[in-house]
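Visitor: starting from these lines, generate the structure:
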Amino acid sequence: MKFGVSAILVAAVSLPTTTLAFAPLLLSTSSSSSAIASSRAHYSRIASTSLSLSTPADDSAFDFDVAIIGCGVGGHGAALHARAQSLRTAVFAGNDVGGTCVNRGCVPSKALLAASGRVREMRDSAHLESLGIQVDADAVQYSREGIAAHAKNLANRVKGNLEASLVGLGVSVVEGRGVLTGKPHQVKDETTGKVYTAK
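Guide: Now for the predicted structure:
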């Protein structure tokens, strides 16, 4: 029986990491021969499944070797790794390249903190005077809208750079949201309705 790459990845993610980490220890301390036989059969199945992945398939039958749904930190890293292996790679970004971190989390929040920190420093007249700088703390003003716009612009710039880096490496960035169709090897772009195939 052959499995697609996606089936193996899903299966691997579903396994508890503690089970994998302690499997050798459990095997070495178990006195039950049936448990050992069961474990050997289990790992034999995994090995035979992994071997089927190396069987060459007709590349022309598929749009891509790898299709990645989501383009946050994990999706971006997976795409870089896939391209490093010379795999034809597509990322379904869902109009959200960079994910939560870039668009709504780490990047904009740190931009807001940096701006507010600068205001606080400029209003610390005692510290500035110790450096020989004269500042009227009451004259330091800021615009909430301006700071929010700065954070948004920074996030958009980082997002654009991420997408450009992927495209530059040969990754196909599909802007729509990718969903599994329920059929093997198929991913559908929800925005356009187009169905893509991947090994």
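
Visitor: for the record, mean pLDDT for stretch 67-80?
Guide: In this model, stretch 67-80 has a mean pLDDT of 94.

Visitor: where does the prediction get shaky in the chain?
Guide: Counting by pLDDT under 70, the ranges of the chain that qualify are 1-59.

Visitor: for it, which residue occupies the most central location?
Guide: Centroid-nearest residue in the chain, with C-alpha atoms, centre = their mean: Gly74, separated by 1.8 Å.

Visitor: how far away is that one from Leu80?
Guide: Using C-beta to C-beta, to the nearest Å, we find Gly74 at a distance of 11 Å from Leu80. Placement of C-beta: from N, CA and C, glycine included.

Visitor: Cys71 contacts Phe92, correct?
Guide: Yes. Using C-beta atoms under 8 Å, Cys71 is in contact with Phe92, at 7.5 Å.

Visitor: which of the two has more neighbours?
Guide: Neighbours were tallied for Cys71 and for Phe92 using other C-beta atoms under 10 Å; the higher tally belongs to Cys71 (29 against 24).

Visitor: so how far is Asp96 from Lys188?
Guide: As judged by C-beta to C-beta, Lys188 and Asp96 stand 17 Å apart.

Visitor: before we move on, what about Leu112?
Guide: Leu112 is 20 Å from Asp96, by C-beta to C-beta.

Visitor: domains for the protein, by residue range?
Guide: Domain segmentation of the chain under automatic domain parsing yields 1-55, 105-150.

Visitor: next SSE downstream of the longest helix belonging to the chain?
Guide: If you go by DSSP state H, the chain has its longest helix at helix 144-168. Sequence-wise, the next helix or strand downstream of helix 144-168 (DSSP states H and E) is strand 172-174.
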